[in-house]
Every structure is written in structure tokens, then in C-alpha cells.
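**Q** Sequence and predicted structure, then a few things I'm wondering about:
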Amino acid sequence: MESPFKETVLKGKTALVTGGGSGIGFAISTELGKHGAAVAIMGRRKTVVQEAAAALQAQGIRAIGVEGDVRNIEDAARVVELTVKQLGRLDILVNGAAGNFLSSAEDLSPNGFRTVLDIDSVGTFTMCNAALQYLKKGGPGKAPSEAGVILNISATLHYTAGWYQIHVSAAKAAVDSITRSLALEWGTDYDIRVNGIAPGPIGDTPGMDKLAPEEIKDDPRFEQPLYRLGEKWDIAMAAVYLASDAGKFVNGATLIVDGGIWLSHPRIAPKEAIRAISRVVEMRSRKTSHASKSKL
């Protein structure tokens, strides 16, 4: 699909995308690069990040792939410093690294619960902490008035509740809280904008393949408006918007990109039945009102 943004909207910027070697993360890396940014991709698998960087380079995007684990403080600092050293500056941090698997609460071990929180929540803060000195107004390579942007990839599970993902729901609730707190503190102190993106179910991603059985993906409701699988491009465009000056007055928000699916519930009755009930209630209301006026 054709982007609604100019190809130069992020010209001169440098982005670091954790979990940027595949799926949604790679789509974000690609679109940030296509819109002018240099891109560093961070991930635990060296081969994956290097191949992803090579794929971006083949499209004319200045890119590097760096191995590192967001849970490791030393890795976080090393990757951030290497990004600045090789690409000159850091303007956009995208925290996309995440862990997920399906498990009922009773079958989930405390270690499994902790692992997801360590990657999603602690990892997000660890990367933000490592990047702060480079993102703040007037940081290395920036003009005194320039500041960076942080984008945290969240989810919609915790807005209601999600089956068999208590660990992910808890982790993403923490990510949303981190987004708001840093937007308040670092927005005030350093002009850093901190926002989140909460994707809905996105087709053709490793996460969807792992978490959604075929019978869910074939659910006919996904063929209905506002209840369908999204595309990686949808999330990437949200990232371009929030990272660019188009979103310059957006801070502390988590943008839900799911077609309204998180609002969806099965109909309690067909529309015609509801209309019939509404007409009956309306007629009763009119009769009551008429009777009251007659007595007066």
C-alpha cells in the first residue's frame, strides 16, 4: 500500500527498533527506513537481525543489525552506544521486543510469568533508561532544541481480559503505565515524547501463527467490518505518524490499532429485535406522557 506520508518525513533521524528483525517489528523498521530514517535492529538472534538489516540495505536504507537481549543492562547500553557510534545519533526508540505463549493461569509457572514481564516490561524500561542520554533535548548529534521519541508496543488484552494470557496482560499493562509515567517526567524535563501502539490481531506474523489456531483465523467474523485481521503495514504507519512531526503534540497516549475489535462483543439480539423493543418502550413512554398531561 502507498504511504500517506512523504518519503522524507523522517529524513536525518535514526531509529533503534528492538525485536525489529521479524513480524511487526520488521515492518516498523522498514517503514521508518523508507521514510528517511537510518535504522538499527536489535534482537537476540544474530543471524535474524543481520539478515533483516541486509534486507533494508537492499532497499537503499542505511541499517545495521545488532545482537542483544533487552533484559540485559549491559546489552542495552552496548547496543544504544553502538547505534550512535555507527549511525551518528539516536532519535527514535521503538520497544518492540516481546515474549508470548498461550497458557492457562493454573498451568503457568511463576518463572514463565516472570520471563514475559522481564522481556516486555523490564526490557522496555531498561532500553528507555539506556537511551535517555541520547534522546534528551540537545543530546549527541542533536541541535539544542531537538529531542527524541519513544514508542512502546503494547496490546489490548488488559483493557478487558484475554484468555490464557494473564502473563502478557500483566506485562502490557505495565508497559502502558511506563509510557504514561515517562511521558510525564521526560516530556516535562527533556521534551521527549513517549507513546504506545496497541496492535490488534495482525495477520501473517509469527505471533498470530503461534497464538491463533486455524479455527480462530477462519472465524467468519473477521470478514466483517471492524472485525478482521489487520496488516503489519497498519502498525508501521502508526509508528511513522507518532515518530514524525505529524504527531508532535501527542504524548503519553497509547494508540489502539485494531479496527475496534477490543470493543467487540457478540450481539445480545438481532438489530430488528432491538428496534422492536425500542419501539415498544417508546410507545409506552408516549402513552405515559400523554396520560400525565391529560390529568393536568
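**A** Structure received. Computed from a predicted structure; not experimentally measured. Numbering: from 1, shown residues only.
**Q** Mind checking the pLDDT average for stretch 16-33?
**A** Stretch 16-33 comes out with an average pLDDT of 97.
**Q** again, but for stretch 89-102
**A** Mean predicted confidence for stretch 89-102 is 94.
**Q** Same check on stretch 252-259?
**A** Average pLDDT, stretch 252-259: 95.
**Q** quick one: buried residues of that stretch?
**A** 252-259 (16 or more other CB atoms under 10 Å). In this view, the C-beta of every residue, glycine as well, is placed from N, C-alpha and C.
**Q** just stretch 78-95 next, same as before
**A** Those would be 78-80, 82-84, 87, 89-95, for stretch 78-95 by 16+ other CB under 10 Å.
**Q** Pick out whichever of these sits closest to residue 20.
**A** The nearest member of those to residue 20, counting by CB to CB, is residue 94 at 7.0 Å.
**Q** My guess is that closest one contacts residue 153. True?
**A** Yes - contact criterion CB atoms under 8 Å: residue 94 and residue 153 qualify, at 7.1 Å.
**Q** list residues touching both of the two?
**A** residue 25 (CB atoms under 8 Å, 6 or more residues apart in numbering).
**Q** Residue 118 - that's part of a helix, no?
**A** Yes - counting by DSSP: H, G, I helix; E, B strand; the rest coil, residue 118 falls inside a helix.
**Q** need the contact list for it.
**A** By CB under 8 Å, 6+ apart, the residues touching residue 118 are residue 71.
**Q** and residue 174, what element?
**A** helix 166-190 (DSSP states H and E).
**Q** helices or strands up against that helix?
**A** Contact here means 3 or more CB pairs under 8 Å, 6 or more residues apart in numbering; DSSP states H and E; on that basis helix 166-190 packs against helix 110-117, helix 123-135, strand 149-153, strand 193-199.
**Q** For the longest one, which helices and strands make contact with it?
**A** This means helix 123-135. Helix 123-135 packs on strand 14-18, helix 73-87, strand 92-95, strand 149-153, helix 166-190, going by 3+ CB pairs under 8 Å, 6+ apart.
**Q** Next up, the contacts around residue 179.
**A** By CB under 8 Å, 6+ apart, residue 179 lies in contact with 150, 152, 154, 194-196, 252, 254.
**Q** Same list (those residues) but as a markdown table, adding distance to residue 176.
**A** Output for these, formatted as a markdown table (distance: CB to CB, whole Å):
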| residue | distance to residue 176 |
| --- | --- |
| 150 | 13 |
| 152 | 8 |
| 154 | 5 |
| 194 | 11 |
| 195 | 11 |
| 196 | 6 |
| 252 | 10 |
| 254 | 5 |
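**Q** Next one: residue 133 from residue 141, what distance?
**A** To residue 141, residue 133 is 12 Å away according to CB to CB, to the nearest Å.
**Q** Can you list the neighbours in contact with stretch 241-257?
**A** Contacts of stretch 241-257 with the rest of the structure, by CB under 8 Å, 6+ apart, involve 5, 9-10, 13, 15, 32, 35, 37, 92, 149, 151-152, 154, 156, 176, 179-180, 183-184, 187, 193-200, 230, 234-235, 238, 262.
**Q** so residue 103 makes contact with residue 168?
**A** No - applying CB under 8 Å, one finds residue 103 not in contact with residue 168, separated by 9.7 Å.
**Q** Quick check on the two: which one has the bigger neighbour count.
**A** Between residue 103 and residue 168, counted using other CB atoms under 10 Å, the more crowded position is residue 168 (24 against 17).
**Q** ok, the more buried one to residue 175 distance?
**A** To residue 175, residue 168 is 10 Å away according to CB to CB.
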